[in-house]
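> quick one, fold the following:
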Amino acid sequence: MKTKTSKVQILLEALPFIKEFSEQIVVIKYGGSAQTSPELKEKFAQDILLMYLVGLRPVVVHGGGPRITDMLGKLDIPTEFVDGQRITTPEVMRIVEMVLCGEINNEIVSLLNSHGAKAIGLNGKDAHFIRAEPKEHAKWGLTGTITKVNADVIHKMIREKFIPVIAPIASGEEMGHPGYNINADLAAAKIAEAIGANKVIFMTDTAGVLDKRMELLASLTEEEVEALKADGTIHGGMVPKVDACLDAIDGGVKKAHIIDGRIEHAMLLELFTAEGVGTEITL
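Numbers count the residues shown, from 1 in each chain. A predicted model of the protein is given here:
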């Protein structure tokens, strides 16, 4: 009886959050261990379905860097990094599109649909709903910077009760352009901004933003994030994560979250409990 009472208490704790977030759009950047572990994949699908069933409108944006690197290696195609970013040659772009769209996107859509969701896969070339230009004068080849997102495409899918699952590939302006490889974090931020999302959640392999004592910072403002970057507390791979968060909230998204995708049901714990599990960033 005590266990059953505890379960009821959990549901009651979630109730105000479910009411508050009903009909709100939440963009989820899906990556890290949550994208590779079979067990965590299942939990992710269950979380997305539950979010949808209680009234939220999830939009999934996924990455796939490790699998792209793996495929390039198997095909003996050289890949080069400058300043930590992959140079996307036309040959590499073919593999990027093949892995992101042909493998990972299809896999996520199939996983969600097998759990009873109504998911649909797409990338920025579909209806040219994401357009881009070369990043920093083509320093990284076909790695691009998003110039425009046609929000109507996503809104129509949401109105038709679909869960959009988006591969971060953008179309070019010229006819026959091979497309652009877009960083998935930045794509999630730009898409969240364009479609008027209330939240954007970044699933990572870290607990969130940590202080100098390696303790989790549960809540930060933009000003506090900038101060932590300036004093070196936020460094390395966390910098582009928080920059994507700041891009999103500067663009009108109310809250950005960095959560640990290695924790089962991390999204539900972040959204529907008072304590959360990661770092929440606001203006």
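
> buried stuff in stretch 106-115?
Glu107, Ile108, Val109, Leu111, Leu112, Asn113 (16 or more other CB atoms under 10 Å). To be clear about C-beta, it is placed using only N, CA and C from the backbone, and glycine gets the same treatment.

> which of these lies closest to Val54?
Leu112 (15.8 Å; CB to CB).

> check the secondary structure at that closest one for me.
Following DSSP: H, G, I helix; E, B strand; the rest coil, the label given to Leu112 is helix.

> tell me the contacts of it?
Shown in contact with Leu112 (CB atoms under 8 Å, 6 or more residues apart in numbering): Ala45, Ile48, Leu49, Val60, Ala119, Ile163, Val165.

> hmm, try it at 7 Å
By CB atoms under 7 Å, 6 or more residues apart in numbering, the contact set of Leu112 is Ala45, Ile48, Ala119, Ile163.

> about what we covered before: TSV for the buried residues of stretch 106-115, including pLDDT and distance to Ala256?
Formatted as TSV, the buried residues of stretch 106-115 follow (pLDDT from 0 to 100; distance: CB to CB, whole Å):
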residue	pLDDT	distance to Ala256
Glu107	96	26
Ile108	97	22
Val109	98	25
Leu111	96	25
Leu112	97	23
Asn113	97	28
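
> tell me which of the residues you listed is nearest to Ile234?
Once CB to CB is applied, the member of the buried residues of stretch 106-115 that ends up nearest Ile234 is Ile108, at 29.3 Å.

> am I right that that closest one is in contact with Ile166?
No: Ile108 is beyond contact range of Ile166, at 9.9 Å (criterion: CB atoms under 7 Å).

> enumerate every residue touching Phe21.
Leu56, Leu271.

> measure it to Leu268 for me?
Computed as CB to CB, to the nearest Å, the Phe21 to Leu268 distance reads 11 Å.
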